[in-house]
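S.K.: Okay, sequence plus prediction incoming.
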Amino acid sequence: MKKIITTFMKISVVFTLLIATSCSNEEELIENQSLELENTQLEKTELTPAELLARTTCSETSFPNLGPSAASGQVSGCNDSSSPNNIGTLDCRSSASFGGYANVGGGFGRYRLTGSTDRFDGTRTRVERFFNRVNRGSNKSTTLNYEFIVDEVSSGRTCIAQVHAEGEIKEGLRKGRTARSAVFLLYIKKANRRDRLGREIYTAEISESTNPFVTGSNGGGTRTTTFLRNITQGIRYTLSCKTGYDNSSMQLAESTVTISGGGNTRSRTLEHTYTTEGATTRYGAYEACDTCSDDRFQIRIRNVQLCRTN
C-alpha cells in the first residue's frame, strides 16, 4: 500500500472556518490528450510560494452551463437574480414557496431550501452554485472563500460546500471506474441545544467518500463522517476551501481540515483513497430533512471569491 500511495496523485483540500463577527474529432482529440497524460512520466515541479502566487488569479468570471441532468431538474420559479451578489452558476431545485436564491441586505445572497421526497432528475433538493472544475495537473488548485451566517436548519442535515469528484478514477480504489459523487461534503445539522442567549447551536461535520461511489453496476460506496466544530445561529463565519493537486499531480492522499474561531483551532486530516481526473467545488445548500415538519434550511453568504492556480 505504501508503494502504491507514493505513485498516486495528491489533492490537498483545506477547509478553514473563522468567526468573523459543490463532434467526434474533438472527442478523439480529448481521448488522445488523456492517453498522452496517462502514459507520460510526470515530473515533479517544486514551486516557491512566490511562484505559486504568480500563477494564481482571484477574479473568476467564466462559469459553466448547467449539464443536461441539472437543466432538466430545475424547478419553475426557483431562479437566479439578474445581478446576484454571489458568483458561480446556480443549480436551483427546490420548492419555490420556500426555496431559491435572493439578494438580501449587507451584500449577502440568501439560499433557502425545503426538504422533499421528490427527486429532481435523480437528485435531492438543492440550491447551489458551482464553478468550472480543476483538472488534474501539477500544482493546479482552486480556493473558495466566503462569509456565511446560518439562520435556520431542518431536522436533517444540509451541505453548505462540497468537492465533487469528476471523470475516471485514475489511481486508488476502483481505478478505471467513473466517479459519480462528492469526495467530501461539509454538513450543518442541529445539535439540539441553545446557548445562554437562546440561539440554536449547530454541528459542522465532514462526510468523506472512503470507498468511492461510481457509475454502473455495484456502484455503491462508503462514507465516513468526522466532527468539525459547533456553529452558532446568526453568527458570521468565514469559510475557505482549497482543492488541488500537488507538484507531481499523481496523488490524492489527504485533506487537512482546520476550523478556527471562538478561541480555539481544530484540525483534522482525512486520508483519501482514490484519484479522479478533476473535481468541482459547489456551495450553497444541498438536501434537508425530506419527511420532517421541520424541513427548512436558510443560509446567507457574501464576499464569495474563487482563486485559481494554473
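M.R.: All right, it came through fine.
S.K.: Residue 70: which element?
M.R.: In the assignment (DSSP states H and E), residue 70 maps to helix 68-73.
S.K.: just checking, what packs against that helix?
M.R.: Counting contacts by 3 or more C-beta pairs under 8 Å, 6 or more residues apart in numbering; DSSP states H and E, helix 68-73 is packed against strand 89-93. C-beta here means a position set from N, CA and C on the backbone, and glycine is covered the same way.
S.K.: Pairing partners for the strand it packs on, with directions?
M.R.: strand 126-130 (antiparallel) (DSSP bridges).
S.K.: who touches the helix holding residue 70?
M.R.: 91, 93, 120, 121, 122, 123 (C-beta atoms under 8 Å, 6 or more residues apart in numbering).
S.K.: gap between the nearest residue to residue 156 once chain neighbours are set aside and residue 149?
M.R.: Nearest non-adjacent residue to residue 156, counting by C-beta to C-beta, 6 or more residues apart in numbering: residue 289, 3.1 Å away. Taking C-beta to C-beta, to the nearest Å as the criterion, residue 289 is separated from residue 149 by 21 Å.
S.K.: tell me, how many neighbours does residue 236 end up with?
M.R.: Residue 236: 17 surrounding residues under other C-beta atoms under 10 Å.
S.K.: I misspoke; the intended subject was residue 156.
M.R.: 19.
S.K.: and it, what does it touch?
M.R.: Here residue 156 is in contact with 115, 189, 287, 288, 289, 290, 292, 295 (C-beta under 8 Å, 6+ apart).
S.K.: Show the buried residues in the residues you listed.
M.R.: 115, 189, 287, 288, 289, 290, 295 (16 or more other C-beta atoms under 10 Å).
S.K.: how about the helices of the protein, start to end?
M.R.: Assigned by DSSP state H, the chain shows helices spanning 2-5, 24-39, 49-54, 68-73.
S.K.: hang on, isn't residue 286 packed against residue 126?
M.R.: Yes: between residue 286 and residue 126 there is a contact at 4.2 Å, judged by C-beta atoms under 8 Å.
S.K.: Neighbour count for those two, which is higher?
M.R.: Between residue 286 and residue 126, residue 286 has the larger neighbour count (other C-beta under 10 Å), namely 28 against 25.
S.K.: how about that one, what does it touch?
M.R.: 22, 113, 124, 125, 126, 127, 128, 158, 159, 160, 162, 185.
S.K.: just residue 83 next, same as before
M.R.: residue 103.
S.K.: can you tell me which of the contacts of residue 286 are in strands?
M.R.: Residues of these located in strands (DSSP state E): 113, 126, 127, 128, 158, 159, 160, 162, 185.
S.K.: Can you give me the neighbour number for the residue nearest to the fifth one when sequence neighbours are not counted?
M.R.: Right, the one you point to is residue 158. Counting by C-beta to C-beta, 6+ apart, residue 297 is the residue found nearest to residue 158 once chain neighbours are left out, at 4.4 Å. Around residue 297 there are 32 other residues, counting by other C-beta under 10 Å.
S.K.: just residue 65 next, same as before
M.R.: Residue 65 sits with 8 neighbouring residues when counted by other C-beta under 10 Å.
S.K.: correct me, but it touches residue 89?
M.R.: Yes: contact criterion C-beta under 8 Å: residue 65 and residue 89 qualify, at 7.0 Å.
S.K.: Can you name the residues that contact the residue nearest to residue 158?
M.R.: 111, 112, 113, 115, 152, 153, 154, 158, 188, 285, 288.
S.K.: ok, the fourth one to residue 126 distance?
M.R.: When you say that, I think you mean residue 115. Here residue 115 is placed at a distance of 11 Å from residue 126 (C-beta to C-beta).
S.K.: returning to that earlier point: please name the bridge partners of the residue nearest to residue 158.
M.R.: residue 113.
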